[in-house]
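Trainee: The following block contains a protein sequence and its predicted model.
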Amino acid sequence: MKSAIIRAYEGAVEIADVPAPVLADDSVIIKVHAASINPIDNILRMGYMKDMMPLTFPFVMGYDVSGVVTEVGKDVTTFKIGDAVYARANQDDKGAVAEFARVKAAELALKPASLSHLEAASIPLAGLTAWQAFVEFAHLEKGQKVLIHAGSGGVGTLAIQMAKHLGAFVATTVSARNADLVKSLGADLVIDYKTENFDEVISDYDVVFDMVGGDIMNRSFKVLKKGGHLVSIKGQDTDGLAAQHDVKFDWFFMHPDGAQLKTLADLVVSGELKTVIDSTFKFGDAAKAFDHLADGHAVGKIVIDMTA
């Protein structure tokens, strides 16, 4: 089958023929209609996490997938051939930017009928990351105040909407050109990170969701009230700042979860969650999609149309 692959760390993305995935008892095979890509894809490609998550080559790129089930493993009872589904595949079943993908049934959910495959593919990794940050780690509650960094990114655009669904007051950092977008998603307070220092604008917040790391993460401890919670997907608290500020800190890596994707699908159907797509690329232009991802300025998600 044709797939977008790399042949080595730091290698160019190319379209090449590789063996199709083999059906497993607990999994399904999906004819891929759309895939989306995420910063983690380029992080892995460049070898920055090769000690933690080593790749084998040729490596098929991508994890977020939407498509139609073509084969069903013998232990799978929740999905059938012909179902339109979406998922974030696990590390062993990576390979979304390909004609076919294998995904464990436990990591799948039915695609909302109101969404195209392009829209559905934009949700899994970003949506699960935001949901797990707020529900599994921060335990965000109605009436609490949360700061979401990088609110116009793939995770941020969904995180704002989820925080509002959970009843929080939402502040977010973006550039001025994206202020209207995040306001339309529900942000209550928009901080222009180019002209304002967020830690001089807000204080006594319950939760910070950090997707930037470095100095931004370290300064974020200052805006939390005592007992507050900083959740990051980018950095570790190597300086012990959580203890100094009497707050909690968690770093985490998203895990695939079909039940949570079902919850996100319900939010889509109810109108509480909408997708934000930065750009769409044809399958043959996958390399251009990854180049655009590397620029770091996408607003929302970058999606690859596997049928074009």
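Mentor: Arrived safely, thanks for sending.
Trainee: Domain map for the protein?
Mentor: Structurally, the chain divides into domains by automatic domain parsing as follows: 2-123+275-305, 126-251.
Trainee: Give me the residue at the spatial middle of this structure.
Mentor: Geometric centre of the chain, nearest residue: Ala126, 1.9 Å, by C-alpha atoms, centre = their mean.
Trainee: After the helix or strand hosting that residue, which helix or strand is next?
Mentor: For Ala126, the host element (DSSP states H and E) is helix 124-131. Scanning forward in sequence from helix 124-131 by DSSP H and E, the next helix or strand is strand 145-148.
Trainee: Distance to Asp257 added to the domains of the chain, as CSV?
Mentor: In short, each C-beta sits where N, CA and C put it, glycine included. Below are the domains of the chain laid out as CSV (distance: least, C-beta to C-beta, whole Å):
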stretch, distance to Asp257
domain 2-123+275-305, 7
domain 126-251, 6
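Trainee: pLDDT score assigned to the residue nearest to the centre of the chain?
Mentor: Per-residue pLDDT puts Ala126 at 97.
Trainee: Quick check: the gap between Met254 and Gly127.
Mentor: Distance, Met254 to Gly127, using C-beta to C-beta, to the nearest Å: 9 Å.
Trainee: Between the two, which is the more surrounded one?
Mentor: Gly127 (31 against 23; other C-beta atoms under 10 Å).
Trainee: quick revisit: nearest to Leu261, of the domains of the chain?
Mentor: domain 2-123+275-305 (3.6 Å; C-beta to C-beta).
Trainee: ends of the closest one, how far apart?
Mentor: With C-alpha to C-alpha, to the nearest Å applied, domain 2-123+275-305 spans 14 Å between its terminal residues.
Trainee: Quick one: mean pLDDT over that domain.
Mentor: For domain 2-123+275-305, the mean per-residue pLDDT is 96.
Trainee: picking that back up, contacts only, for the residue nearest to the centre of the chain.
Mentor: Ala126 makes contact with 38, 154-155, 157-158, 301, according to C-beta atoms under 8 Å, 6 or more residues apart in numbering.
Trainee: Just among those, which is most surrounded?
Mentor: Highest neighbour count within these, by other C-beta under 10 Å: Thr157, with 33 neighbours.
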